[in-house]
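Q: mind folding the following:
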Amino acid sequence: MWGYSTSLTPTITPKPVRRGRHLTGWEHQGATQMPSHRGEGKILKETRKRNGKEYTLYAWYMEIGVKPDGTPDRIAIRRKNRNDLIKARREALVKLEQGEPLRKDNTTVESWLLYWLKEIQKPRLRPRAWHGVQSNLKCNVIPHVGRHKLQDLEPQHIRFMIKEILKSGRSLRTAEIAYNNLNKAIKDAMKEPNLGLKTNVLLMVNRPKPKSNSQDTGAQKALPTGHGRQQKPRKALTSSTARAVISTSVEARDPLAVRWATALLTGVRQGECLGLTLDALDLEEGKFDLSWALQEIPLTRRSDGKRWTGDVYPLEAYDTAAGFEIRPLYKAMCLVRPKTNDSQRMTPIPEPLQVLLRAHVKAMAPNPWGLLFVAPADQKLVKPGTPIRSKLDELLWAEALKRASAPDVVLHAARHTTATLLLEAGVPEDVRMAIMGHSSAAVQRGYAHADIGVKRAGLAALDNLIDAEVIDIWEEDLPALEAAPGEVIDAEFDEEFSEFDDNYDVEKAEPFMQPRTVSSPDAWRSLVFQTAS
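A: Sure, this is the predicted structure:
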């Protein structure tokens, strides 16, 4: 009689869903809002059907963030009993305040590694380094632990992975690399709040420790690496051995004799030496600019799934991260920036090496890219006159060592040799670091930039690596490729490299790759010295 409703249940008008930390609207048809404590969000009463019968659930929704696509990320807790739902809601709010995940993530190790490779690791690494990490994970990690959920990964799974890698015949070093790559991926996963990963199980397992192959041990025996392969030692060559390598190469009229002398006398890296161009060479000032390095870049597939054809590929053919700077030369061979910012440097040329370089430039056949060193004609691994692949360079280095009766060491030992000889000659550490292009925080605190004159004085200690008789031999009988300037050299190639075309398509190349027009050897030599000066 006072105008009140005779119903004991209040009538509530449904409101639309709105964004916020707690959802206060309806998500399902038939949901009824129930009263709750202030600040804890609303409880919904949902009516559902199963096998023709209706039943009731109590539900609570909360927005916990935003998905990568920008849509709200929500969780829902449902219980048959309202009091059970209130208890579960309070537990969820406590977890939220303590920073604990409200839902158990179902991301597997495989799905995370594939995402980590593409989105996180690829922008960090250079193309070949990234390709190596990808290959190691897909061959040695994902097959053994890829199916496990990331949050369920346990130390026993890591031990099983290491055991299986060794059981397959691979080396301890391969197992160590797999361990290291997975360790980095797990560390990055712990930084992702949506994954809810709090523990790195890799830290609970001993890292595989292969036998050390340090250059300081003096060991000359090759180490087994699994599958019957042998790892060559990295021991630095002595000064007498280095001198023998240079002299025997010159006497044998090796087209790459100057390439070996450049590596031993200046310590440049393999890619830096093979990527030297006439434009980077200054014979008047006696220095060269190491701003680019030659490297074989991994390739993608075309949109139709086929391989790329021709001599010059478009930029989209190269599997690189966005912003990685490359200059395509020939097929997969490209000029890239050196390893670090400190690697981009001006390096002086010792006087004996200047003489050899002048003679080499006079004798060399032209190439469309102006490279100082190209594949010689007396081999069938790659097309003569094209950029030198690293494998071919290593094979020819092994022949040079065998010719000089030198220890069979890796090509990088030439760089170790330069560093060791500079150290023995008493060259200061900061000058050695500037010559070699190393980056070190401890050394950087002691100097900003080493003057070119200081570098030249340091490298002068290595002048005795080239005998005067060797210089005379090189100047009297200049070696040259067996081809006239601009002529394409035809040869029989192995089936593995049969896809190389006979003609170089210069129209597809960038302007800096266009070949120079040369009418005669004399004209070519004059152009060379004009460019070098």
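Q: next SSE after the host helix or strand of Pro352?
A: Per DSSP states H and E: Pro352 is located in helix 351-363. Using DSSP H and E, the helix or strand that directly follows helix 351-363 along the chain is helix 390-403.
Q: and that following helix, which residues are buried?
A: Of all the residues in helix 390-403, those buried under the rule 16 or more other C-beta atoms under 10 Å are Ser390, Leu392, Asp393, Leu396, Trp397, Ala398, Ala400, Leu401. C-betas here are computed from N, CA, C, even on glycine.
Q: would a markdown table of the residues you listed with pLDDT be doable?
A: Formatted as a markdown table, the buried residues of helix 390-403 follow (pLDDT from 0 to 100):
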| residue | pLDDT |
| --- | --- |
| Ser390 | 92 |
| Leu392 | 94 |
| Asp393 | 95 |
| Leu396 | 95 |
| Trp397 | 94 |
| Ala398 | 94 |
| Ala400 | 95 |
| Leu401 | 94 |
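Q: which one of those residues sits closest to Glu251?
A: When the buried residues of helix 390-403 are compared for distance to Glu251 (C-beta to C-beta), Ala400 wins out at 11.5 Å.
Q: tell me how this structure divides into domains.
A: Taking automatic domain parsing as the reference, the chain has its domains at 32-97, 109-204, 236-481+494-501.
Q: kindly reformat these as CSV containing distance to Lys211.
A: As requested, those are exported to CSV (distance: least, C-beta to C-beta, whole Å):
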stretch, distance to Lys211
domain 32-97, 45
domain 109-204, 8
domain 236-481+494-501, 17
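Q: got the buried residues for the longest helix anywhere in the chain?
A: The residue-count maximum for a helix in the chain (DSSP state H) belongs to helix 172-189. Under the neighbour-count criterion of 16+ other C-beta under 10 Å, helix 172-189 has 172-179, 181-186, 188-189 buried.
Q: so for that helix, mean pLDDT?
A: Per-region confidence: helix 172-189 scores 96 on mean pLDDT.
Q: helices of the stretch 151-300 of the chain, start to end?
A: 155-167, 172-189, 239-251, 257-266, 270-274 (DSSP state H, counting those that start in this stretch).
Q: so who does the residue nearest to Trp308 when sequence neighbours are not counted touch?
A: Excluding the flanking residues, the one nearest Trp308 by C-beta to C-beta, 6 or more residues apart in numbering is Ala317, at 4.8 Å. Taking C-beta atoms under 8 Å, 6 or more residues apart in numbering, we find Ala317 in contact with Leu299, Thr300, Arg302, Trp308.
Q: the last one: what's it in contact with?
A: Going back to what we said before, that points to Trp308. Per C-beta under 8 Å, 6+ apart, neighbours of Trp308: Leu299, Arg302, Ala317.
Q: just for this protein, where's the confidence low?
A: 1-41, 101-103, 212-234, 340-344, 424-425, 431-533 (pLDDT under 70).
Q: returning to what we had before: and the residue nearest to Trp308, backbone torsions?
A: Phi and psi for Ala317, reported as degrees, to the nearest 10, are phi -80, psi -20.
Q: what's the spacing between the residue lying closest to Lys104 once chain neighbours are set aside and Asn206?
A: Of all residues not flanking Lys104 in the chain, Gln151 sits nearest, at 6.4 Å (C-beta to C-beta, 6+ apart). Using C-beta to C-beta, to the nearest Å, Gln151 is found at 23 Å from Asn206.
Q: over to Gln121?
A: According to C-beta to C-beta, Gln121 stands 24 Å off from Asn206.
Q: likewise for Arg126?
A: From Arg126 over to Asn206 (counting by C-beta to C-beta), the distance is 30 Å.
Q: who's more crowded, the two?
A: The residue with more neighbours, out of Arg126 and Asn206, is Arg126; 16 against 10, by other C-beta atoms under 10 Å.
Q: follow-up on the earlier one: only the buried residues of the helix holding Pro352, if you could.
A: In terms of neighbour count (16+ other C-beta under 10 Å), helix 351-363 has its buried residues at Pro352, Leu353, Gln354, Val355, Leu356, Leu357, Arg358, Ala359, His360, Val361, Lys362, Ala363.
Q: need the contact list for the second one.
A: What that stands for is Leu353. Val258, Ala261, Thr262, Leu265, Thr266, Ile466.
Q: which pair in the residues you listed spans the largest distance?
A: Farthest pair in the contacts of Leu353 (C-beta to C-beta) is Thr266 and Ile466. Separation: 12.3 Å.
Q: count the neighbours of the nearest residue to Arg173 once chain neighbours are set aside for me.
A: Excluding its sequence neighbours, the residue lying closest to Arg173 (C-beta to C-beta, 6+ apart) is Pro210, at 4.4 Å. Neighbourhood size, Pro210 [other C-beta under 10 Å]: 15.
Q: from Glu164, how far off is Pro210?
A: Pro210 is 17 Å from Glu164, by C-beta to C-beta.
Q: next one: Arg124
A: 28 Å.
Q: just give the number of residues close to Lys198.
A: Lys198 has 10 nearby residues by other C-beta under 10 Å.
Q: repeat that for Met204.
A: Around Met204 there are 12 other residues, counting by other C-beta under 10 Å.
Q: I figured it hits Pro155, correct?
A: Yes: at 4.3 Å, Met204 counts as touching Pro155 under the criterion of C-beta atoms under 8 Å.
Q: just give me the longest strand of the protein.
A: Longest strand of the chain, by residue count under DSSP state E: strand 53-66.
Q: could you give me the buried positions within that one?
A: In strand 53-66, counting by 16+ other C-beta under 10 Å, buried: Leu57, Tyr58, Ala59, Trp60, Tyr61, Met62, Ile64.
Q: which other helices and strands does it contact?
A: strand 43-50, strand 72-79, helix 82-97 (3 or more C-beta pairs under 8 Å, 6 or more residues apart in numbering; DSSP states H and E).
Q: please repeat the previous calculation with a cut-off of 10 Å.
A: Helices and strands touching strand 53-66, by 3 or more C-beta pairs under 10 Å, 6 or more residues apart in numbering; DSSP states H and E, are strand 32-34, strand 43-50, strand 72-79, helix 82-97.
Q: out of these, which comes closest to Leu278?
A: strand 72-79 (58.0 Å).
Q: next, the angle from that closest one to strand 53-66.
A: Between strand 72-79 and strand 53-66, the angle comes out at 140 degrees (axes from the mean of the first three to the mean of the last three C-alpha atoms, to 10 degrees).
Q: who does strand 72-79 pair up with?
A: strand 53-66 (antiparallel) (DSSP bridges).
Q: CA atoms only: put the partner strand into PDB for me.
A: Extracted C-alpha coordinates of strand 53-66, given in PDB (Å, rounded to 0.1, in the frame of the first residue of the first chain):
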ATOM      1  CA  LYS A  53      17.900 -28.900 -19.700                       C
ATOM      2  CA  GLU A  54      18.700 -25.500 -18.200                       C
ATOM      3  CA  TYR A  55      21.300 -25.000 -15.500                       C
ATOM      4  CA  THR A  56      22.800 -22.000 -13.800                       C
ATOM      5  CA  LEU A  57      26.400 -20.800 -13.500                       C
ATOM      6  CA  TYR A  58      27.900 -17.900 -11.600                       C
ATOM      7  CA  ALA A  59      30.500 -16.000 -13.600                       C
ATOM      8  CA  TRP A  60      33.000 -13.200 -13.100                       C
ATOM      9  CA  TYR A  61      35.000 -11.500 -15.900                       C
ATOM     10  CA  MET A  62      38.000  -9.300 -15.700                       C
ATOM     11  CA  GLU A  63      40.200  -7.500 -18.300                       C
ATOM     12  CA  ILE A  64      43.800  -8.200 -17.600                       C
ATOM     13  CA  GLY A  65      45.500  -6.400 -20.500                       C
ATOM     14  CA  VAL A  66      45.500  -6.000 -24.300                       C
END
